[in-house]
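# sequence and predicted structure are below.
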Amino acid sequence: MEQEKLISHTPGESVTQNRNKYLGGSDLPALFNVSPFKDCFTLAREKAGVIPAAFKGNEYTRYGQLLEPQIRDYINSIYELKFKENTNINEELGLRSNCDGLDKEAGLLLEIKTNAGDKTTYEDVYDYVLQMQMYMFQFNVEKGYLVQYKRPENFWSGLNYETQYTDDYFNQEFDPERISVMEIKRDDKLIQEILSKAEKFWNDVERLKENPEMTEEEFYFGDNLVEYNDTINKLSVLEKELNRLSEMEKEAKTQREILYGLMEKVGVKTIVTDALMITKVNPTTTKTIDSKKLKEEMPEIAEQYTKVSNKKGYVKITVRADKNVVEEVKEEIISKTNINDSKKSALAALGL
């Protein structure tokens with residue numbers, strides 16, 4: 001995209017103006033479905049005007065707004081830079097970047113976050129990285145500084161933000177010891193992914209405007225909805241049966257343990273019935289390497305013999321089963337099995 005199509009605005013412009021017309025940096029975690037607060041479907045419904053944008057700010061966002069100028073001034077003085085707030089809008093792509101700082105001469109971007117101070121790796125700050133990549137695209141720079149400021153526990157003295165939101169409720173004392181800086185380089189591959197998702201997103205928003213009652217499944221799967229529904233229907237049956245078999249396996253394990261104890265008690269090693277041949281296997285010992293201890297005491301050797309393997313992606317399914325499934329399995333086992341008196345006593349002792 002040619003950079004002259006990006007429209008620059010002054011920092012004083014309200015960041016909430018025409019919010020539904022653009023994807024902002026703070027929207028990207030939801031666009032990528034990595035936000036703990038909002039998913040892409042909810043974001044699209046907001047942009048389509050189907051539902052109102054629920055978040056109006058809180059004590060955490062307000063604290064960030066109050067500390068941001070002090071943090072920016074500190075970074076400017078320490079690194080001898082000239083970061084200033086800036087905004088860029090791409091009307092064609094529907095993107096708006098409100099960056100915390102841009103130094104055009106240095107070709108650098110600044111992103112400031114006030115948080116709990118627990119984000120120390122690239123994976124931890126991935127939601128921030130998404131924002132910065134879009135900003136680097138719109139401002140045409142090659143790298144940026146992600147500055148995190150660890151919030152003090154007493155950053156806000158109020159109890160209810162809706163009524164106690166004025167500046168005097170906030171601890172605005174600046175402590176440079178709470179600063180950490182990460183350099184984030186431009187990633188053109190990730191930028192292309194952002195642009196591709198953004199283009200699809202605005203098409204989906206138009207679909208939502210035409211059909212405000214659209215379900216989440218219709219939104220995400222679109223032309224693949226028939227295949228999705230067919231797969232879900234099959235999985236619903238299969239996963240419930242697998243869950244039932246899992247409960248049966250647990251019950252079978254319990255019965256094996258009971259039988260082991262009975263055979264141990266009477267000194268029998270092998271039993272043959274009409275349906276089963278049962279052999280009691282005595283306890284054994286095995287030798288394994290304590291990988292945790294090895295990594296702690298000899299990390300170089302552990303690294304030398306560490307094998308990296310590719311793991312195929314998968315879907316994790318949790319069966320929302322009837323609470324009576326376990327009891328039904330137990331009743332079925334009891335009704336179909338000829339249990340002698342001693343086994344019945346053992347079952348009763350376990351509450352079965």
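Great, that's in hand.

# all contacts plus neighbour counts: C-alpha atoms, from now on.
Will do.

# can you give me the strands in the stretch 1-150 of the chain?
6-9, 23-24, 84-90, 95-103, 108-115, 143-150 (DSSP state E, counting those that start in this stretch).

# contact partners of the longest one?
Contacts of strand 95-103 from elsewhere in the structure, counted by Cα atoms under 8 Å, 6 or more residues apart in numbering, are 15, 22-25, 68, 72, 81-90, 108-112, 134-135, 138.

# now it: buried residues?
Leu95, Arg96, Ser97, Asn98, Cys99, Asp100, Gly101, Leu102, Asp103 (16 or more other Cα atoms under 10 Å).

# make JSON lines out of those residues and add pLDDT and distance to Glu264.
As requested, those are exported to JSON lines (pLDDT from 0 to 100; distance: Cα to Cα, whole Å):
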{"residue": "Leu95", "pLDDT": "97", "distance to Glu264": "73"}
{"residue": "Arg96", "pLDDT": "97", "distance to Glu264": "74"}
{"residue": "Ser97", "pLDDT": "96", "distance to Glu264": "73"}
{"residue": "Asn98", "pLDDT": "96", "distance to Glu264": "73"}
{"residue": "Cys99", "pLDDT": "96", "distance to Glu264": "73"}
{"residue": "Asp100", "pLDDT": "97", "distance to Glu264": "73"}
{"residue": "Gly101", "pLDDT": "98", "distance to Glu264": "75"}
{"residue": "Leu102", "pLDDT": "98", "distance to Glu264": "77"}
{"residue": "Asp103", "pLDDT": "97", "distance to Glu264": "79"}
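
# which of the residues you listed sit farthest apart?
The widest separation within the buried residues of strand 95-103, taken as Cα to Cα, falls between Leu95 and Asp103 and amounts to 20.5 Å.

# low-scoring pLDDT stretches of the stretch 201-350 of the chain, where are they?
317, 319-350 (pLDDT under 70).

# repeat the analysis, applying 90 as the threshold.
272-276, 286-292, 294-295, 299-350 (pLDDT under 90).

# can you show me the helices along it?
For the stretch 201-350 of the chain, the helices defined by DSSP state H, counting those that start in this stretch cover 216-221, 225-266, 291-297, 299-304, 325-336, 341-349.

# for these, give me CSV that also has mean neighbour count.
Listed next are the helices of the stretch 201-350 of the chain as CSV, based on neighbours: other Cα atoms under 10 Å:
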stretch, mean neighbour count
helix 216-221, 14
helix 225-266, 14
helix 291-297, 12
helix 299-304, 12
helix 325-336, 14
helix 341-349, 12
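
# mind checking which of those is nearest Thr61?
That would be helix 216-221 among the helices of the stretch 201-350 of the chain, by Cα to Cα, at 29.0 Å.

# format the strands of the stretch 1-150 of the chain as CSV; extra columns: distance to Leu208.
Putting these into CSV (distance: least, Cα to Cα, whole Å) gives the following:
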stretch, distance to Leu208
strand 6-9, 27
strand 23-24, 16
strand 84-90, 22
strand 95-103, 19
strand 108-115, 32
strand 143-150, 35
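
# nearest to Ile301, out of those strands?
So among the strands of the stretch 1-150 of the chain, strand 143-150 is nearest, using Cα to Cα, at 34.7 Å.
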